[in-house]
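Colleague: dropping a prediction and its sequence here:
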Amino acid sequence: EVQLVESGGGLVQAGGSLRLSCAASGFTFDHYAIGWFRQAPGKEREGVSYISSSDGITDYADSVKGRFTISRDNAKNTVYLQMTSLKPEDTAVYYCYANLFLYVYWGQGTQVTVSS
């Protein structure tokens, strides 16, 4: 069974930090690109960050560049999203996904709330 389980969300004050984790199982993790989307209430889902499968190429939304860092540990089948200098507008449910060609798997999401 394919599973992606996010953790690490919570409530933090503006300027604070959180580290999200996405633990994967049920598929060949190191073959898949992994990324994060987020969705705030009343807004469309937004791509946040992405890391490729083999060479570790990363990409970030302009809104998080310089503040968020994505990394992966293939030995642990886990991807991390280190979030620093958090802003109230970062408040959202954060979802990780795994993608290989036409295959896309999603996690259930973890809530991040940044208070001002």
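Modeller: Arrived safely, thanks for sending.
Colleague: which phi and psi does His31 have?
Modeller: His31 adopts backbone torsions of phi -90, psi -10, taken as degrees, to the nearest 10.
Colleague: one more: the one 10 residues further on?
Modeller: In terms of degrees, to the nearest 10, the main-chain angles of Pro41 are phi -60, psi 130.
Colleague: out of everything not next to it in sequence, what's closest to the residue in the chain sticking out farthest from the centre?
Modeller: Outermost residue of the chain with respect to the C-alpha centroid, by C-alpha atoms, centre = their mean, is Ser116; its distance is 22.2 Å. Of all residues not flanking Ser116 in the chain, Pro88 sits nearest, at 4.7 Å (C-beta to C-beta, 6 or more residues apart in numbering). Every C-beta, even on glycine, is put in place using the N, C-alpha and C of the backbone.
Colleague: is it true that the one you found touches Ala40?
Modeller: No. The criterion here is C-beta atoms under 8 Å, and Pro88 misses it with Ala40 at 10.2 Å.
Colleague: between the two, who's got more neighbours?
Modeller: Neighbour count, other C-beta atoms under 10 Å: between Pro88 and Ala40, Ala40 has more, with 14 against 11.
Colleague: quick check, central residue of this structure?
Modeller: By C-alpha atoms, centre = their mean, the chain has its centre lying nearest to Trp36, at 3.2 Å.
Colleague: state the helix or strand in which it lies.
Modeller: strand 33-39 (DSSP states H and E).
Colleague: list the buried residues for that strand?
Modeller: 33-38 (16 or more other C-beta atoms under 10 Å).
Colleague: relative to Tyr105, which of those residues is nearest.
Modeller: Tyr105 has its nearest neighbour among the buried residues of strand 33-39 in Ile34, at 9.7 Å by C-beta to C-beta.
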